[in-house]
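Enquirer: Quick check, what structure comes out for this input:
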Amino acid sequence: MARKIEEIQQSILFAKNTEKELDDLTTNSKTAIWQLWIYIVSVAVWTLETLFDKHKAEVNDALAQLKPHSPRWYRNKALAFQDGFALIQDSDVFRSDYYDIATDKWIPATEEEIRNSKIIKYSAVTESAVESRLIIKIATEINNELSPISNDKKNNFEKYINEIKDAGVRVTVVNYEPDILKLQLKIYRNPLVLDGNGTLVLTGAGVGGNPVKDAIRQYMKDLPFNGELILAHLVDKLQKIEGVEIPHIEGASTRWIDSSSGVYGNFTGVDVKKIPSSGYFKVIFADELNPDDPEYPQKFENSSTIEYVV
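Expert: Numbers count the residues shown, from 1 in each chain. Predicted coordinates:
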């Protein structure tokens, strides 16, 4: 950034005062020829620094216009989406106000309104392995659970992405219900610590809940959005639970939304690891279902089971 002329003058004067050969230049007159030369040189240096600043700004602008945006840029822009707000003309930045028809004025938005408008809480961007296309996975959060946004809001989001994306870039927005993770677990327990239902003997069901289920839910919560489920890591987490002697995964499988039909496909086994197609998993435990629920058969088909043995 270009310095002020006065700052450049002071730097030259400081340098002059450090040179013994220039000690004779002591007059304070503003018309002293050496002071005039310092001013002229200062103006010349200021002009040069200003030109450098303008050149740098032009180069940065040219790079911004030409450089293709990275997947990280698209992810950040997905998280920055503000439902109900307008973009600043010819930019990828949202306005911080909204138009009020009654007053025919733009009203500044409150911090809460801006915060509530940012409905995309999770996003991941990857490149398709079979074609030239970016895949943008998104999710919101409802009652502390990851969930898809509504179809209307998805349409708004897609219009926003199409407005800001690079020309020629094809984009697919994935806004699916979570992948269902179905686990069959056998937990060898210490009967002095865990009862046959997996509840801590010391505290009971009312306090602390079921530590195995809690650990599984926490693992899913800690898993990064679009992060890779690694069964060995899940076993490691279960192994740390007090009262669990041997955690054994007898089976693991997942099912996800078929993009062509819009419904869940068949279960596919997981041997070692799995990245969720939707970006996140959901685990349903069979013993927590209500048999009187009309959707009980479907939910039971998707549920996980835990057998506690001694």
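
Enquirer: Can you give me every residue that contacts the residue nearest to residue 196 when sequence neighbours are not counted?
Expert: Closest residue in space to residue 196, ignoring its immediate chain neighbours: residue 308 at 5.4 Å, by Cβ to Cβ, 6 or more residues apart in numbering. All C-beta spots, glycine's among them, are computed from the backbone N, C-alpha and C. By Cβ atoms under 8 Å, 6 or more residues apart in numbering, residue 308 lies in contact with 187, 189, 194, 195, 196, 197, 198.

Enquirer: rerun that using 6 Å as the cut-off
Expert: Each residue near residue 308 by Cβ atoms under 6 Å, 6 or more residues apart in numbering is listed here: 187, 189, 196, 198.

Enquirer: CSV for those residues, including neighbour count?
Expert: As requested, these are exported to CSV (neighbours: other Cβ atoms under 10 Å):
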residue, neighbour count
187, 19
189, 20
196, 11
198, 23
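
Enquirer: For these, give me JSON lines that also has secondary structure.
Expert: Below are the contacts of residue 308 laid out as JSON lines (DSSP: H, G, I helix; E, B strand; the rest coil):
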{"residue": "187", "secondary structure": "strand"}
{"residue": "189", "secondary structure": "strand"}
{"residue": "196", "secondary structure": "coil"}
{"residue": "198", "secondary structure": "coil"}
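
Enquirer: Quick check: the farthest pair among the residues you listed?
Expert: 187 and 196 (10.5 Å; Cβ to Cβ).

Enquirer: helix, strand or coil for residue 119?
Expert: coil.

Enquirer: hang on, residue 252 is in a strand, isn't it?
Expert: Yes: the assignment for residue 252 is a strand, going by three-state DSSP.

Enquirer: ok, it to residue 269 distance?
Expert: Distance, residue 252 to residue 269, using Cβ to Cβ, to the nearest Å: 7 Å.

Enquirer: Those two: which is more packed in?
Expert: residue 252 (20 against 10; other Cβ atoms under 10 Å).

Enquirer: Give me the neighbour count for the closest residue to the more buried one other than its chain neighbours.
Expert: Closest residue to residue 252 apart from its sequence neighbours, by Cβ to Cβ, 6+ apart: residue 270 at 4.3 Å. Using other Cβ under 10 Å, residue 270 is surrounded by 18 other residues.

Enquirer: now the one 10 residues further on
Expert: Burial of residue 280 is recorded as 27 neighbouring residues (other Cβ under 10 Å).

Enquirer: Then residue 161?
Expert: 19.

Enquirer: so where do the helices sit in the stretch 51-200 of the chain?
Expert: Here the stretch 51-200 of the chain has its helices, by DSSP state H, counting those that start in this stretch, at 71-79, 111-117, 151-164.

Enquirer: can you pull the buried residues of the last one?
Expert: The neighbour-count criterion (16 or more other Cβ atoms under 10 Å) identifies 153, 156, 157, 160, 161, 164 as the buried residues of helix 151-164.

Enquirer: re earlier: for the residue nearest to residue 196, give its distance to residue 244.
Expert: Distance from residue 308 to residue 244, by Cβ to Cβ: 9 Å.

Enquirer: what's the overlap in contacts for the two?
Expert: Residues touching both residue 308 and residue 244 by Cβ under 6 Å, 6+ apart: residue 187.

Enquirer: and residue 176, what does it touch?
Expert: Residue 176 neighbours (Cβ under 6 Å, 6+ apart): 257, 278.

Enquirer: what's the neighbour count on the residue nearest to residue 178 when sequence neighbours are not counted?
Expert: Take residue 178 and drop its neighbours on the chain: the residue closest to it by Cβ to Cβ, 6+ apart is residue 282, 3.9 Å away. Residues near residue 282, counting by other Cβ under 10 Å, number 17.

Enquirer: Use 36 as the first number for this chain going forward.
Expert: Sure, I'll start numbering at 36, so the last one becomes residue 317.

Enquirer: Flag the shaky bits of the stretch 186-335 of the chain, pLDDT-wise.
Expert: Low-confidence segments of the stretch 186-335 of the chain (pLDDT under 70): 239-243.
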